[in-house]
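>>> this one's sequence-less:
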DNA sequence: AATAACACCAACCGCGCTTGA
DNA sequence: ATCAAGCGCGGTTGGTGTTAT
């Protein structure tokens, strides 16, 4: 007997989210906080399952998300973390405030894996292998764009290099060696880190004291420039006041 | 200009874990 | 101790944009 579906799927919308749906979800969460994902779509007036809402929020709408390309340091750090943690993307993402596990996973699968292979490193095991003498010239082109090539332009990477962390292409023999040295640094920094309250999607929302953006603001928010304008919310207490709504929006129980 | 191939990433699916009754 | 319900995670898919032919 398979697992029951998380919610009644008939009549529920799937696929890409519209601006209107995003608006509804953000409005609801920013004003009421997150208490029970199963109730969110019903109370927010969305024809989505709670799971879909949670995903949309954590991967796209969450106000503390840091979007944009990954820096060289971030990439190097991902490689290091992956060598120790494997495909535990949520654990890896916990080291990158504002990045989602999905984002890191996608970046790993589409870019980092490829680059590691070109550098002669097996992405899954992080072990070196012999590069074939003849390879696709396009690979050279790709490597030229490899961020590690440009590390001299990055002050953080440059300082790592001073510590003996050489990840430059000109010295691939030092690649794995450099990873180890970088690890020492990361481990030390890790010990200084405070637990990140935003690392869990179900933790309370930590927001600034102001009102929820109006339509124009939220649209610009969706376009990437985020006018941080939120209502201060106590997710638990505010949900206490919503129990009467639950009666009006009875949660379907398929079990 | 057309279209094939590739890259990227948002979203879905299903499993396992946690929690509470 | 057991079981059901909900949530989170990791793997995968599919749509869209970009580049190459």
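Arrived safely, thanks for sending. Fair warning: this is a prediction, and the values are worked out from it, not measured in the lab. Numbering: from 1, shown residues only, chains lettered A, B, ... in the order given.
>>> In contact with residue A:41, which residues?
A:47-50, A:52-53 (C-beta atoms under 8 Å, 6 or more residues apart in numbering). (Each C-beta comes from the backbone N, C-alpha and C, glycine too.)
>>> Kindly report the residues of chain A close to DNA strand B.
Within chain A, the residues that sit near DNA strand B (C-beta under 7 Å from any atom of the strand) are A:2-3, A:6, A:14-17, A:51-52, A:55-56, A:59-60, A:102-103, A:105-107, A:109-111, A:114.
>>> Repeat the analysis, applying 6 Å as the threshold.
Along chain A, the residues adjacent to DNA strand B under the rule C-beta under 6 Å from any atom of the strand are A:2-3, A:14-17, A:52, A:55-56, A:59-60, A:102-103, A:106-107, A:110-111.
>>> pLDDT on stretch A:102-109, on average?
Confidence over stretch A:102-109 (mean pLDDT, whole number) is 87.
>>> now do stretch A:40-51
87.
>>> Walk me through the domains of chain A.
A:19-62+A:201-248, A:72-198 (automatic domain parsing).
>>> Was I right to think residue A:25 contacts residue A:55?
No - look at residue A:25 against residue A:55 with C-beta atoms under 8 Å: they stay out of range, at 10.8 Å.
>>> Between the two, which has more neighbouring residues?
residue A:25 (24 against 18; other C-beta atoms under 10 Å).
>>> Just to be sure, the more buried one is in a strand?
No - Residue A:25: not assigned to a strand; according to DSSP: H, G, I helix; E, B strand; the rest coil it is helix.
>>> pLDDT score assigned to it?
Looking at residue A:25, the pLDDT reads 89.
>>> Which positions in stretch A:55-70 come out as buried?
A:55-58, A:60-63, A:65, A:70 (16 or more other C-beta atoms under 10 Å).
>>> Now do residue A:128 against residue A:77, distance only.
Distance of residue A:128 to residue A:77, computed by C-beta to C-beta, to the nearest Å: 20 Å.
>>> who's more crowded, those two?
More neighbours surround residue A:77 than the other of residue A:128 and residue A:77, with 20 against 15 (other C-beta under 10 Å).
>>> Is the more buried one part of a helix or strand, or is it coil?
Under three-state DSSP, residue A:77 comes out as helix.
>>> in terms of contact, does it touch residue A:96 like I think?
Yes - with contact defined as C-beta under 8 Å, residue A:77 reaches residue A:96; the gap is 7.5 Å.
>>> ok, of the contacts of residue A:41, which come out buried?
So, by 16+ other C-beta under 10 Å, the buried ones in the contacts of residue A:41 are A:48-50, A:52-53.
>>> that older thread, out of the residues of chain A next to DNA strand B, which end up buried?
Among the residues of chain A next to DNA strand B, those scoring as buried are A:17, A:52, A:55-56, A:60, A:103, A:107, A:111 (criterion: 16+ other C-beta under 10 Å).
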